[in-house]
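Asks: Everything below, folded, please.
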Amino acid sequence: MDAKAKLYYLENRIRLLEEELESLHQQNQRLAESQSIQEMILKKSLVGYYILSDGKFQLINPVVVIYTGYAPEEIIGSRADFMTHPDDKAAVKSNSLAMRTGSLFLPYEYRIITKQNEIRWVLEVVAAIQYEGKPAILGSAMDITQQKMTEMKLAESENLYRTIFETTGTGTVIIEDDKTLSLINTEFEKVTGYRKEEWEGKRTWVDLIYEKDLPRLEEYHRMRRINPELAPRTYEFRLVDSEG
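Replies: Residues are numbered from 1 along each chain as shown. Below is the predicted model:
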């Protein structure tokens, strides 16, 4: 190979190396941008994110610190279930596996015990990933304690309401706008001789009223829909029981 050919060969090799270096530089830029975006998402997210590997926390975002009360250094390296309520550990393990294997698609709830020894509820989803070349779990969890407390208080209120409704000592019903009887208590069954399952959500109060009293009560109903103050709060009427 003469000198001219060698020079051409070297120039061509240099050009190819420069192109490869430029390509690597662009890839590194894209990777850095991608990592920067991922870090920003983790830091600014309203949801707790974490990565588990070998059964331990490897990475967490600030939200996890907020709802658990633990500092990052207290969480990283700790067992994945160290905060999980003892009564929920088996269910969490089962649900996590089911979600990672594709047999569970909906988020699942469980309780954690914070550093301040408070019980909090979280809603979690997980996915199988690779982290630093090893199988890992990416989890995201949302603190739903306030929602759960509201649900519990609502359930307690509903139970109290039902207890009062059932033990009021008088026949009591709840009537919808379309006149359907949506709820009937036991005393009403005694007074009328009808059974709840015959009426609740199926028939209207119109079917209970003696025909000569019906126009007056329907007018009360119409007035009450306009303004509750327009119709009398107490009044008499004739009711047709199960025996006619």
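
Asks: What lies in contact with stretch 202-216?
Replies: 173, 175, 178-181, 192, 217-218, 237-240 (CB atoms under 8 Å, 6 or more residues apart in numbering). Where C-beta positions appear, they are placed from N, C-alpha and C, glycine not excepted.

Asks: Rebuild those residues as TSV, extending it with neighbour count and pLDDT.
Replies: As requested, these are exported to TSV (neighbours: other CB atoms under 10 Å; pLDDT from 0 to 100):
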residue	neighbour count	pLDDT
V173	16	90
I175	14	87
D178	7	86
K179	13	88
T180	16	91
L181	22	90
T192	19	92
L217	17	93
E218	14	91
F237	13	94
R238	11	95
L239	12	93
V240	13	93
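
Asks: Identify those among those that sit within strands.
Replies: 173, 175, 181 (DSSP state E).

Asks: What are the buried residues along stretch 92-105?
Replies: 92, 95-96, 99-100, 104 (16 or more other CB atoms under 10 Å).

Asks: Figure out how far that stretch is from the centre of its chain.
Replies: When distances are taken as CA atoms, centre = their mean, to the nearest Å, stretch 92-105 is centred 17 Å away from the chain's centroid.

Asks: Just the CA atoms of that stretch, as PDB, please.
Replies: Extracted in PDB, the C-alpha atoms of stretch 92-105 (Å, rounded to 0.1, in the frame of the first residue of the first chain):
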ATOM      1  CA  VAL A  92     -49.500  -8.000  50.700                       C
ATOM      2  CA  LYS A  93     -47.000 -10.800  49.700                       C
ATOM      3  CA  SER A  94     -49.800 -12.700  47.900                       C
ATOM      4  CA  ASN A  95     -51.200  -9.600  46.100                       C
ATOM      5  CA  SER A  96     -47.700  -8.400  45.100                       C
ATOM      6  CA  LEU A  97     -46.900 -11.700  43.500                       C
ATOM      7  CA  ALA A  98     -50.300 -11.900  41.800                       C
ATOM      8  CA  MET A  99     -49.800  -8.400  40.300                       C
ATOM      9  CA  ARG A 100     -46.300  -9.100  39.100                       C
ATOM     10  CA  THR A 101     -47.400 -12.300  37.400                       C
ATOM     11  CA  GLY A 102     -50.400 -10.700  35.700                       C
ATOM     12  CA  SER A 103     -53.300 -12.400  37.700                       C
ATOM     13  CA  LEU A 104     -54.100  -9.200  39.600                       C
ATOM     14  CA  PHE A 105     -54.700  -5.900  37.900                       C
END
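
Asks: contacting residues around that stretch?
Replies: Stretch 92-105 is contacted from outside by 81, 84, 108, 110, 124-128, 137, 139, using CB under 8 Å, 6+ apart.

Asks: Make a PyMOL selection of the buried ones in those.
Replies: Here is the PyMOL selection string for the buried members of the contacts of stretch 92-105, based on 16+ other CB under 10 Å:
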select buried, resi 81+84+108+110+124+125+126+137+139
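
Asks: from the contacts of stretch 92-105, which ones fall inside helices?
Replies: Within the contacts of stretch 92-105, no residue falls in helices by DSSP state H.

Asks: before we move on, the earlier item: which ones among the buried residues of stretch 92-105 map onto helices?
Replies: Per DSSP H, those map to helices at 92, 95-96, 99-100.

Asks: Looking at the residues you listed, which is nearest N117?
Replies: V92 (19.3 Å; CB to CB).

Asks: How much space separates that closest one from Y131?
Replies: 20 Å (CB to CB, to the nearest Å).

Asks: Repeat that for E73.
Replies: Computed as CB to CB, the E73 to Y131 distance reads 19 Å.

Asks: Name the residue in the two with the higher neighbour count.
Replies: A direct count of neighbours by other CB atoms under 10 Å for E73 and Y131 places Y131 higher, at 14 against 8.

Asks: doesn't G77 fall inside a strand?
Replies: No: going by DSSP: H, G, I helix; E, B strand; the rest coil, the assignment for G77 is coil, not a strand.
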